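S.K.: Got a predicted structure here, sequence first:
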Amino acid sequence: MTRSQLNSIEASYLDDPTIGLRNLSPKDRRRTLARVAMPTLLDSRDVAVILKCSIQHVRNLAKKGALPEPITAGGILRWTDKDIRQFIAMRGAKKQGVF
């Protein structure tokens with residue numbers, strides 16, 4: 001992550017009381033921001049819990065291409081939490097006839 005990216009993230013999170021950046025030194029502030037800015041990766045088990053289905057069903061959905069494109073790390077399928085939230089929102093919109 002570049003310094004300019006961290007500075008823009010820092011500006012957006014500076015007043016967030018849950019993170020408490022104002023009380024940190026600049027070095028600790030950057031470390032905290034780097035952790036906050038990293039996307040959360042979910043494996044098949046996590047996605048199965050979120051979608052309330054089996055792990056095998058998640059794998060089948062991934063194989064069919066019904067889920068967003070996974071990130072593979074060491075042969076393990078992983079998705080960002082943002083991608084899964086968007087997938088759920090799109091599926092809900094399709095069921096309601098929006099798409």
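M.R.: Received the coordinates, thanks. Just so it is clear, the model here is predicted, and its values are computed rather than measured.

S.K.: Burial check on residue 46, number of neighbours?
M.R.: The local packing of residue 46 (other Cβ atoms under 10 Å) involves 17 other residues. Heads up, the C-betas are built off the backbone N, CA and C, glycines and all.

S.K.: Assign a three-state SS to it, would you?
M.R.: When classified by DSSP: H, G, I helix; E, B strand; the rest coil, residue 46 comes out as helix.

S.K.: Need the phi and psi values for residue 53.
M.R.: phi -140, psi -180 (degrees, to the nearest 10).

S.K.: Can you tell me what sits against the helix or strand harbouring residue 89?
M.R.: Assessed by DSSP states H and E, residue 89 sits inside helix 81-95. Under the contact criterion Cβ atoms under 8 Å, 6 or more residues apart in numbering, helix 81-95 has outside partners 39-42, 47, 50-51, 67-68, 99.

S.K.: Let's see that with 10 Å instead.
M.R.: 39-42, 46-47, 50-51, 61, 66-71, 79-80, 98-99 (Cβ atoms under 10 Å, 6 or more residues apart in numbering).

S.K.: mind giving me the domain ranges of the protein?
M.R.: 3-37, 41-95 (automatic domain parsing).

S.K.: can you give me the strands for the protein?
M.R.: In the chain, the strands defined using DSSP state E lie at 41-43, 71-73, 76-80.

S.K.: per-stretch mean pLDDT over those, give me the minimum one.
M.R.: Among those, strand 71-73 has the lowest mean pLDDT, at a mean of 83.

S.K.: Quick check: neighbours of that one in the sheet, parallel or antiparallel?
M.R.: strand 76-80 (antiparallel) (DSSP bridges).

S.K.: List the buried residues for the strand it pairs with?
M.R.: Under the neighbour-count criterion of 16 or more other Cβ atoms under 10 Å, strand 76-80 has 77-80 buried.
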